[in-house]
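>>> I'll drop the sequence and a predicted model, then ask my questions.
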Amino acid sequence: MDHLLLTLLQTISLQSRFYFLRDWGPTAVDALKSSFHGDEDHQLLPWTRLYKQVSQLDSVCCYKLPDPDPDLVLPSPRASHSLNFVSDCLVLFGGGCEGGRHLDDTWAAYIGNNSRRMLKWQKIHSGIPSGRFGHTCVVIENYLVLFGGINDQGNRHSDTWVGQVAFHQNLGISLSWRLLDVGSIAPPPRGAHAACCISNRKMVIHGGIGLNGVRLGDTWVVKLSENLCFGTWHEIVSHPSPPARSGHSLTCIGGTRTILFGGRGLGYEVLNDIWLLDISEGYSKWVQIFYELQNIPAGVSLPRVGHSATFIVGGRLLIHGGEDSQRHRKDDFWILDINATSFERVQPARLSSKRLLANMWRRLKAKGYKPNSRSFHRACVDNSGRYLYVYGGMVDGLLQPAEVSELRFDGELFLVELVLQL
């Protein structure tokens with residue numbers, strides 16, 4: 001090959017790699033590379049192709065994970081639990097089950113060494129935190145940070161816990177929890193709220209269902225100490241701000257920016273609004289991003305509660321499942337790309353451009369295994385941002401799917417792969 005042409009191709013590849021590192025960070029880039037098992041080393045323009053494929057993602061492929069050893073004990077069906085990827089492990093805690101009862105068990109499965117499709121659940125005997133559902137749990141610096149929730153007596157919690165996970169080749173997975181010392185200031189007790197982590201050891205929570213079943217619309221931030229032994233809560237007051245709600249999502253999209261989507265409002269209406277929260281030192285502001293459903297192909301199905309919203313490779317959100325105002329559960333996948341819009345307050349009149357709306361929302365095609373439609377499930381992504389794990393939730397009953405009384409709890413774990421054609 002001509003030397004000048006080879007040099008040009010190598011330069012293009014390096015430029016594409018630069019864009020990856022700039023936009024998504026070195027950790028995500030390295031993990032995404034490893035997810036291809038080295039195949040990209042044999043491609044002449046791997047970074048160029050990869051960047052293009054991630055940007056033009058239009059489909060996912062679902063896989064039903066193989067049935068494990070029948071002698072193994074598995075997590076029981078549940079909803080409104082927590083599911084996190086931390087230290088190369090999936091960690092499942094709590095949730096609600098049949099009869100409105102809470103669960104207090106913790107399970108973990110190692111998925112390192114490319115074992116993402118051969119999982120073995122291990123029950124962790126810790127005894128704490130107490131059983132609950134509707135809590136949140138986020139990952140901060142390879143630690144789990146859990147807040148709030150509701151028990152089967154209807155009591156709301158306002159405690160904050162820190163969990164540390166470790167994988168031992170011979171001993172398996174260990175998990176130790178400790179109650180975080182936050183002093184005398186903490187958010188009011190709640191469950192069915194939303195939470196995410198942001199930079200500098202901070203966690204944001206919003207909304208939920210408080211005492212006496214009242215839906216909340218407040219926003220709180222806790223900053224953890226360097227050793228993660230202490231935390232300081234403070235409330236963010238901003239006008240305007242998202243109305244009170246529960247069952248919504250709050251997802252960090254990089255740095256100090258988070259996106260809130262959907263949920264159920266004060267009048268039990270199911271919402272489809274989008275809000276951006278930017279939390280910087282001395283500056284915190286909610287901004288609503290307006291759009292019109294009728295300008296989005298299949299947009300009428302976007303309002304939802306009890307969905308998952310996961311930050312994936314490419315700096316976008318993957319929205320899955322949930323239910324509408326008639327409690328019809330969903331099995332769809334949507335990409336929400338906030339980078340397609342300005343972060344300034346966007347007035348409705350300025351969002352008449354169908355091109356802009358098409359860039360912000362895109363429904364993905366789903367291939368492979370077809371899981372049940374579900375709501376109040378949980379989902380998390382591995383380090384590559386390319387593989388999503390989905391567990392549990394509420395699904396239709398077997399006899400009369402249209403009847404609310406025929407809802408059932410699901411105990412299925414399935415894998416969702418972002419399809420990248422290289």
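All right, it came through fine. Residues are numbered from 1 along each chain as shown.
>>> where do the strands sit along the stretch 251-400 of the chain?
Along the stretch 251-400 of the chain, counting by DSSP state E, counting those that start in this stretch, strands occupy 257-261, 264-265, 274-280, 283-289, 308-312, 316-320, 333-336, 361-363, 365-368, 378-381, 387-391, 394-395.
>>> would you turn those strands into a markdown table with mean pLDDT and distance to I140?
For glycine as for every other residue, the C-beta is placed from the backbone atoms N, C-alpha and C. Shown next, in a markdown table, are the strands of the stretch 251-400 of the chain (pLDDT from 0 to 100; distance: least, Cβ to Cβ, whole Å):
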| stretch | mean pLDDT | distance to I140 |
| --- | --- | --- |
| strand 257-261 | 96 | 14 |
| strand 264-265 | 98 | 28 |
| strand 274-280 | 93 | 14 |
| strand 283-289 | 93 | 19 |
| strand 308-312 | 97 | 14 |
| strand 316-320 | 97 | 19 |
| strand 333-336 | 97 | 23 |
| strand 361-363 | 94 | 30 |
| strand 365-368 | 96 | 32 |
| strand 378-381 | 97 | 14 |
| strand 387-391 | 96 | 19 |
| strand 394-395 | 96 | 29 |
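>>> let's have those strands in a markdown table, adding distance to E98.
Shown next, in a markdown table, are the strands of the stretch 251-400 of the chain (distance: least, Cβ to Cβ, whole Å):
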| stretch | distance to E98 |
| --- | --- |
| strand 257-261 | 29 |
| strand 264-265 | 22 |
| strand 274-280 | 34 |
| strand 283-289 | 38 |
| strand 308-312 | 22 |
| strand 316-320 | 24 |
| strand 333-336 | 28 |
| strand 361-363 | 33 |
| strand 365-368 | 29 |
| strand 378-381 | 18 |
| strand 387-391 | 17 |
| strand 394-395 | 11 |
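>>> quick one: closest of those strands to G131.
Closest of the strands of the stretch 251-400 of the chain to G131 is strand 378-381, at 16.3 Å (criterion: Cβ to Cβ).
>>> tell me which residue is most central in this protein.
Most central in the chain under Cα atoms, centre = their mean is T310, positioned 3.4 Å from the mean C-alpha point.
>>> residues contacting that one?
251, 317-318, 320, 379-381, 388 (Cβ atoms under 8 Å, 6 or more residues apart in numbering).
>>> what bridges to it?
L318 (DSSP bridges).
>>> which one of the strands of the stretch 251-400 of the chain is the most hemmed in?
strand 394-395 (a mean of 26; mean count of other Cβ atoms under 10 Å).
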